[in-house]
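Peer 1: give me a model of this one.
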Amino acid sequence: MPNLVKIATDCQLFGADGITVHPRPDERHIRYTDVFELRPIVHTEFNIEGYPSPEFIDLACKVKPEQVTLVPDAPDAITSSAGWDTVTHNAFLKETVAEFQRHNIRVSIFVGTEPVMIEYAAKSEADRVELYTEPYASAFAVSHEKAVLPFIEAAKFAREAGLGVNAGHDLNLDNLNYLHQAIPWLAEVSIGHALICDALYLGLKHTIKEYKNQLK
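Peer 2: Okay, the predicted model is just below:
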């Protein structure tokens with residue numbers, strides 16, 4: 001409650017460009033059964049994010065979303081708090097990326113702004129990286145310019161490496177437009193918590209419209 005399928009249907013009706021879910025091992029955010037129920041009604045883009053355990057890989061390969069976003073979260077993590085160490089885990093990531101791509105699923109790897117991590121994300125043959133934007137959001141109130149600079153440089157580096165660039169974590173109506181203006185080639189942003197908080201006051205339809213306006 002509220003009904004997940006109806007919410008996802010309405011989000012798309014109200015202008016959302018995609019639906020992102022994060023099925024964790026304890027299923028506290030979304031259940032594996034929910035993912036199968038959502039697949040038939042997501043007609044925009046379905047993005048499944050999570051740690052690539054055998055169970056997660058099996059789920060995604062069966063559901064065949066448009067995109068899988070790989071995050072390095074431990075099973076007991078409350079939320080994502082860092083990007084992949086793509087150097088240490090490159091062989092594992094490369095094997096995982098190849099498995100998803102065999103099922104025609106686009107793969108994005110969750111990373112920080114360090115160039116070497118982006119470089120090795122490219123070496124894993126992923127299609128995109130998703131920049132972990134919590135540091136940007138935290139520093140935004142102090143200095144917009146300083147907050148965004150590492151992300152501009154990271155996004156440029158990723159683009160030069162042939163990677164698409166996504167972003168997510170702690171983005172909201174205050175900081176989203178500034179990031180988009182600084183990195184206009186962002187392919188997509190994933191926003192959950194802030195959007196739902198805003199919807200409590202503005203309503204879901206108006207909130208989605210307001211977020212879309214930040215990306216014009």
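Peer 1: quick one: the strands in the protein?
Peer 2: Assigned by DSSP state E, the strands in the chain fall at 19-21, 46-50, 67-70, 106-111, 128-132, 164-168, 188-190.
Peer 1: per-residue confidence at the residue most central in space within the chain?
Peer 2: Nearest to the geometric centre of the chain sits Ser190, at 4.8 Å (Cα atoms, centre = their mean). Ser190 carries a pLDDT score of 95 in this model.
Peer 1: and for the residue nearest to it when sequence neighbours are not counted, the neighbour number?
Peer 2: Sequence neighbours aside, Gly168 is the residue nearest to Ser190 in space, at 3.8 Å (criterion: Cβ to Cβ, 6 or more residues apart in numbering). No exception for glycine: its C-beta is placed from N, CA and C like everyone else's. Residue neighbour count, defined by other Cβ atoms under 10 Å, stands at 23 for Gly168.
Peer 1: ditto for Ile191
Peer 2: Residue neighbour count, defined by other Cβ under 10 Å, stands at 22 for Ile191.
Peer 1: my read: it touches His169, true?
Peer 2: No. The pair Ile191 / His169 is not scored as a contact, 9.1 Å apart, by Cβ atoms under 8 Å.
Peer 1: between the strands of the chain, which gets nearest to Gly83?
Peer 2: Across the strands of the chain, Gly83 has its closest neighbour in strand 106-111 (3.8 Å, Cβ to Cβ).
Peer 1: what average pLDDT does the closest one get?
Peer 2: Strand 106-111 shows a mean pLDDT of 98.
Peer 1: chain center to it, what's the gap?
Peer 2: 8 Å (Cα atoms, centre = their mean, to the nearest Å).
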